[in-house]
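1. here are the coordinates; sequence isn't available:
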């Protein structure tokens, strides 16, 4: 981590100007060290950065700053410390740890930090419903009770001369865990509300713990959904994408987490009324998993500025899954098609809140810039 001055540190995670990502530890606008981390994406830490997020722990008069040999930046107060360090295994694209270290049993089981953001939306990730579990959806333990953080306006707009937003995911704030000196651990509750990040540790754990105790909110830089939703040949669905200018759509790009061997998959465009637009992508048999996969249009359609749904379908009754997060916007789906793949039917329904990892790429009709339609994704429910 680069030391910018006596009290501020910087780490450039990605130097790609189309998806620049950097971390600032401390407050680069203050003369003294602050127990703060600032994450900047799609820009620099200067005033030109497009979106950012910062959290700052409670300060204490007399606290000191120190650097550990492993690169950890420590804010040391009388009863607690704040440790900040790189955590490359936090997600597929790395991450960062903002960790409280409690030296002794605290007066309260609630830890707080202020949180500020620019141009971001925060989506709480609840536990899956029994219906979702029965359908094969998955949400890891560290994702239940976490937050998916998305660009509030771009949501996947990708310009060859600008930024690579993909689905617009900025980062993921995973569910924190408390761990005592003997390695005993317990999940803590995370809440982001009214400019405050709150971590609540079970009181019984603190009563019985051997100190010091670490409490570890973790930021993952991932651009894919942290969970997965399922679909089969009887379900089709999509998410709304906004094309802001007339363009030629070249492909749909998505992220599968599980695929039934031998199954065929296609993508297509739908109107917001659920009517098939007459445009489908190439077919792929057993497409790759755990990577972004392109589905090209054999005859790229020219579309006017409007909202569309980006959808997928497959020919196999076995369950497959695609990366997703829980969001706030209703998504299109139909789980009783009565249609035969790939004869795309009219679909309806706006009852899902899942943001799927899918986006579309287009070329502006009057120019050469390559851009992406806003696209959170789709949800499919097998029966």
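-> Structure's in. What do you need? The model shown is predicted, which means the values in this text are computed figures rather than measured ones.
2. residue 178 against residue 190, yeah?
-> No: if you go by Cβ atoms under 8 Å, residue 178 and residue 190 don't touch, sitting 11.7 Å apart. For every residue, glycine as well, the C-beta is placed using N, CA and C.
3. more neighbours: these two, which one.
-> residue 178 (24 against 19; other Cβ atoms under 10 Å).
4. the strand or helix carrying that one: partners in the sheet, and parallel or antiparallel?
-> Take DSSP states H and E as the rule and residue 178 turns out to sit in strand 177-179. Paired with strand 177-179 in the same sheet, following DSSP bridges, are strand 185-187 (antiparallel), strand 213-215 (antiparallel).
5. show me where pLDDT drops low in the chain?
-> Within the chain, the segments meeting pLDDT under 70 span 44-48, 155-162, 330-337, 349-351, 366-383.
6. sort out which residues of stretch 185-197 are buried, please.
-> For stretch 185-197, a neighbour-count test (16 or more other Cβ atoms under 10 Å) marks 186, 187, 188, 190, 192, 197 as buried.
7. now residue 213: closest residue in space that isn't a chain neighbour?
-> residue 102 (4.5 Å; Cβ to Cβ, 6 or more residues apart in numbering).
8. just how off-centre is the strand holding residue 178 within its chain?
-> Distance of strand 177-179 from the chain centroid (Cα atoms, centre = their mean, to the nearest Å) equals 22 Å.
9. repeat that for stretch 25-32.
-> Relative to its chain's centre, stretch 25-32 lies at 27 Å (Cα atoms, centre = their mean).
10. please apply the same query to stretch 62-71.
-> The chain centroid and the centroid of stretch 62-71 are separated by 30 Å under Cα atoms, centre = their mean.
11. also stretch 2-13?
-> Relative to its parent chain, stretch 2-13 has a centroid offset of 25 Å by Cα atoms, centre = their mean.
12. wait, residue 116 touches residue 37, no?
-> No: here residue 116 does not reach residue 37: they are 11.4 Å apart, not a contact under Cβ under 8 Å.
13. which of those two has more neighbours?
-> Ranked by neighbour count (other Cβ under 10 Å), residue 116 and residue 37 place residue 37 first, with 25 against 13.
14. quick one: which helix or strand includes that one?
-> Counting by DSSP H and E, residue 37 is part of strand 36-41.
15. same for that strand, what does it pack against?
-> Packing partners of strand 36-41 (3 or more Cβ pairs under 8 Å, 6 or more residues apart in numbering; DSSP states H and E): strand 21-25, strand 51-57, strand 95-102, strand 169-174.
16. and if we set it to 10 Å?
-> Using 3 or more Cβ pairs under 10 Å, 6 or more residues apart in numbering; DSSP states H and E, the elements in contact with strand 36-41 are strand 8-14, strand 21-25, strand 51-57, strand 80-86, strand 95-102, strand 110-118, strand 146-151, strand 169-174.
17. and it, which strands flank it?
-> Its sheet considered, strand 36-41 pairs with strand 21-25 (antiparallel), strand 51-57 (antiparallel) by DSSP bridges.
18. show me where the protein has helices.
-> 130-134, 203-208 (DSSP state H).
19. can you redo those helices as a markdown table with distance to residue 272 and mean neighbour count?
-> Below are the helices of the chain laid out as a markdown table (distance: least, Cβ to Cβ, whole Å; neighbours: other Cβ atoms under 10 Å):
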| stretch | distance to residue 272 | mean neighbour count |
| --- | --- | --- |
| helix 130-134 | 25 | 12 |
| helix 203-208 | 48 | 14 |
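20. I'd like the ones you listed as JSON lines, with distance to residue 41 appended.
-> Below are the helices of the chain laid out as JSON lines (distance: least, Cβ to Cβ, whole Å):
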{"stretch": "helix 130-134", "distance to residue 41": "30"}
{"stretch": "helix 203-208", "distance to residue 41": "34"}
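21. closest one to residue 265 among those?
-> With Cβ to Cβ as the measure, helix 130-134 is the member of the helices of the chain nearest residue 265 (21.5 Å).
22. hmm, back to that, tell me which two of the buried residues of stretch 185-197 sit farthest apart.
-> Largest pairwise distance in these, by Cβ to Cβ, is 20.3 Å, between 186 and 192.
23. list the contacts for the residue nearest to residue 213?
-> Contacts for residue 102 were tallied using Cβ atoms under 10 Å, 6 or more residues apart in numbering; they are 79-81, 111, 178, 180, 201, 206, 209, 211-215.
24. that one and residue 257: what is the separation?
-> In this view, residue 102 and residue 257 are 36 Å apart by Cβ to Cβ, to the nearest Å.
25. and residue 288, by the same measure?
-> For residue 288 relative to residue 257 (Cβ to Cβ), the value is 11 Å.
26. that older thread, now distance to residue 300 too, for the strands paired with strand 36-41, in a markdown table please.
-> Output for the strands paired with strand 36-41, formatted as a markdown table (distance: least, Cβ to Cβ, whole Å):
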| stretch | distance to residue 300 |
| --- | --- |
| strand 21-25 | 31 |
| strand 51-57 | 30 |
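27. residue 253: which of those is closest?
-> Closest to residue 253 of these is strand 21-25 (Cβ to Cβ; 19.8 Å).
28. what's the offset of that closest one from the middle of its chain?
-> 17 Å.
29. got the angle for it vs strand 95-102?
-> 20 degrees (axes from the mean of the first three to the mean of the last three Cα atoms, to 10 degrees).
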